[in-house]
Every structure is written in structure tokens, then in C-alpha cells.
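*Asks:* sequence below, structure please.
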Amino acid sequence: MFGSIIPLLSGITSFVFAFFVLKRYLERKGTYLLIWGIGSIFYGIGGLSEAYNGAIGWNPLVFRLWYLFGAILVAAWLGQGTIFLLAKRKWANTLMVILILASLYGAYKVFTAQLDPSLMTSGTQTGTELSGRAITSSGVRILTPFFNIYGTLTLVGGAAYSAFIFWRKRILLHRTIGNILIAVGATLPAFGGFFSRLQIPGALYIAELLGILFLFAGFIRATTPMRSESVPVAAATD
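*Replies:* This is a model prediction of the structure:
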């Protein structure tokens, strides 16, 4: 049950996060919010796919959904949202076109690849944890590092850069804290994958849950000014 409950919580949290992000997009626009919302939905699809696998077992379609959205696309799309927030529009649009084309190519490769369920990793305490080794085509697996490196560099790097700028200028402390939380949340799944490869049961699922919680908390903190940053009207008119 542990191997299905934790991913289920990750999936639910991701969809709740996506709701708040897309709600803010409808209220304030901003392409970066739309892309973050899409990336959060991808995160949720990955989590629910893991939960299905842990509770019910192997399913080729669910596995392909997990590999495409959870293992390949999620980090890159979240990072692309940060690109729209920080980079010039021309560069952001160019990278977006490349990412869309690469995502479509990745979807084609994932859904046409041969699968071998016997190559999935078995975890004794968390149920069967999904593993990309079940895709026997190396041409598919080689895509994953490119998407994840791009996503990690843009999401973590962008959040760290923003936090540094706000801290250096001594303004908008809530955004400094929020971006630090986002940077931490973005790195946690990578650590979870590392410890999972060391055969630590449940490491990836726990890291994914903590990751989306940190991302959610960072978003809320970054978009909610702190009381100490607000100047009382009475004081301003003295």
C-alpha cells in the first residue's frame, strides 16, 4: 500500500497545485503561469500512474503515460515556464517551439517502443517501482537526460537566480523565500532517483511528494506578500 498511497498523494497535490496556478493565469495572464500549470498536470499524471502501478500492477498504457509525462516531460515544461518568466520573449518562444516538437517526438517514441515488464525494478517495501528499463529501446531512454537536464537547469537555476536578485536588492522577501523553496522542490526528485538506484525502497516516491509540496509552498509564498512588507496607510500618511 505504501507504494501506491505516496504517489497518489503526489498526484492529487500536483493537480491541486495546477488548479491554483491556472486560476492565477486566468486572473493575471502570463504565459509562464500557463506552462507551469501544464507542467504540474504532467507531474500529476506521473504520480497517478505510479499509484495505479503500485495498487493494481503492470499496465502498458499506464506505464507509457508515466514514462512520457513523469520521466521525460515534467521537468522540462516546468523549467520552460521559468524561461518565459525570466528570458526575452523571442528566446522563450523559440525554446517553446523546440520543446513542443521534442515533446511530440518523445511521445511518438514512447508509444511505439517495445516494453518488457520483466525489466521493471522490484521494491520489497513499496511494491513494484516503475523503471525506464522496461522500455527496451535505448533510443527512447536516451531522450530522458536531455529533457531533465534542461528542466533542472532552467527551473532550479531560474529560481536560484530570482532569489539572489531579490535578496541582493533587499526587496520582496516573500519572493526570495518562495524561489528558494521552488529550487529545493525542483532538486528533490533527482535525489530520489539517485537513492532509488541505490535500492532504497520508496526513495523516489517520497522525494516526488516532497518535491511537489515544496514547489506548491514556494509558489504560494512567492505570490503572497508578507505582512512586514506592507506599509500601513496610517503610517504612510504621518
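
*Asks:* switch to C-alpha atoms for all contacts and neighbour counts from now on
*Replies:* Noted.

*Asks:* low-confidence ranges, this structure, go.
*Replies:* 1-3, 121-129, 138, 170-172, 194-195, 197, 226-238 (pLDDT under 70).

*Asks:* how about the strands in it?
*Replies:* 121-123, 127-129 (DSSP state E).

*Asks:* quick one: contacts for H174?
*Replies:* Residues near H174 by CA atoms under 8 Å, 6 or more residues apart in numbering: R221, A222, T223, T224, P225, M226.

*Asks:* got CSV for the residues you listed, with distance to G151 and neighbour count too?
*Replies:* Formatted as CSV, the contacts of H174 follow (distance: CA to CA, whole Å; neighbours: other CA atoms under 10 Å):
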residue, distance to G151, neighbour count
R221, 22, 20
A222, 20, 22
T223, 22, 12
T224, 25, 13
P225, 27, 14
M226, 29, 13
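
*Asks:* export these to TSV and tack on distance to V21?
*Replies:* Formatted as TSV, the contacts of H174 follow (distance: CA to CA, whole Å):
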residue	distance to V21
R221	13
A222	12
T223	10
T224	13
P225	17
M226	19
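
*Asks:* pick out whichever of those sits closest to A87.
*Replies:* A222 (18.6 Å; CA to CA).

*Asks:* and the closest one, what is it in contact with?
*Replies:* Counted by CA under 8 Å, 6+ apart, A222 has contacts H174, R175, T176, I177, G178, N179.

*Asks:* go again using 6 Å as the cut-off
*Replies:* H174, R175, G178 (CA atoms under 6 Å, 6 or more residues apart in numbering).
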